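Enquirer: below: sequence and its predicted model.
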Amino acid sequence: MALPIAVLVSGSGSNLQALIDRVESGALEARIALVLSNKPDSYGLKRARSHGIPALCIPHTEYADRLEFDRAMIRAIREAGAETVVLAGFMRMLSAEFLKAFAGRVLNIHPALLPSFPGVRGQRDAADYGVTLAGCTVHFVDELMDHGEVVIQAAVPAYPDDDGDSLAERILALEHRILPQAVQWLAQGRIQVKGRKVHVTPTGIQRAVPPANALVNPPLEQGF
Ligand code: GRF
């Protein structure tokens, strides 16, 4: 049965679109039960509605504090019937109460090779630092910023003439591959966390053709 998930967005929602596309192609065995944004003008809400997915804005500015805002989100996610939460460009930290409500079932996509360059300017920080490899990470969420256990990472080259924007574009294409793949592993019940290490149970599923000029580990599987 398809795993009911809630996807939280704050912006354009291209990672949400990647999830929608994989659900619609049949590769991702999940059902997007709710898209939630803290920003009324998030294009992610429009994307959801145009695919018939329930979409809700809960503006954080309308709540007295983080806890009240998080409680409103917990209620909405539970009402939608989701127990797994995917942060796809969601720009708010989550409280202990939220993380307890969905313990071990909150994933985030971060546009850098963690633990390097956490925070909201990951791509620009990497470009400014002059790294020659950059990338993205899907990880479980804990109370610290961009810190939980790593599920999958993708590395791409970074060049001396890159700026934050050019690097972000190269990284984003890989975000759209690794996020749906990580959600699929969770949906299949193939993820085990032991300490900081994440184990993905192997199956006979064929590997995808690896993306050109990128290194992804664990490797992407067919459909992703
Ligand atoms: C992505 O780079 C994501 O990793 C970061 O914010 C961006 C959101 O892009 N946290 P989108 O809204 O999915 O298009």
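Expert: Great, that's in hand.

Enquirer: make it CA atoms for all contacts and neighbour counts henceforth
Expert: Will do.

Enquirer: report the contact partners of residue 26.
Expert: Contact analysis of residue 26 by C-alpha atoms under 8 Å, 6 or more residues apart in numbering lists nothing.

Enquirer: what do you get for the one 3 residues further on?
Expert: Residues counted as contacts of residue 29 (C-alpha under 8 Å, 6+ apart) are 1-3, 23, 184, 187-188.

Enquirer: check residue 31 and give its pLDDT.
Expert: pLDDT, residue 31: 98.

Enquirer: what's the burial count for the closest residue to it other than its chain neighbours?
Expert: Closest residue to residue 31 apart from its sequence neighbours, by C-alpha to C-alpha, 6 or more residues apart in numbering: residue 4 at 4.7 Å. Residues near residue 4, counting by other C-alpha atoms under 10 Å, number 18.

Enquirer: wait, residue 142 sits on residue 148?
Expert: Yes. When contacts are counted by C-alpha atoms under 8 Å, residue 142 is listed as touching residue 148 (5.2 Å).

Enquirer: how about the helices in the chain?
Expert: 14-25, 43-50, 66-79, 96-101, 122-129, 164-187 (DSSP state H).

Enquirer: buried set for the fourth one?
Expert: Within helix 96-101, the residues that qualify as buried by neighbour count (16 or more other C-alpha atoms under 10 Å) are 98-99.

Enquirer: likewise the third one?
Expert: Residues of helix 66-79 classed as buried under the neighbour-count rule (16+ other C-alpha under 10 Å) are 69-71, 73-74, 76-78.
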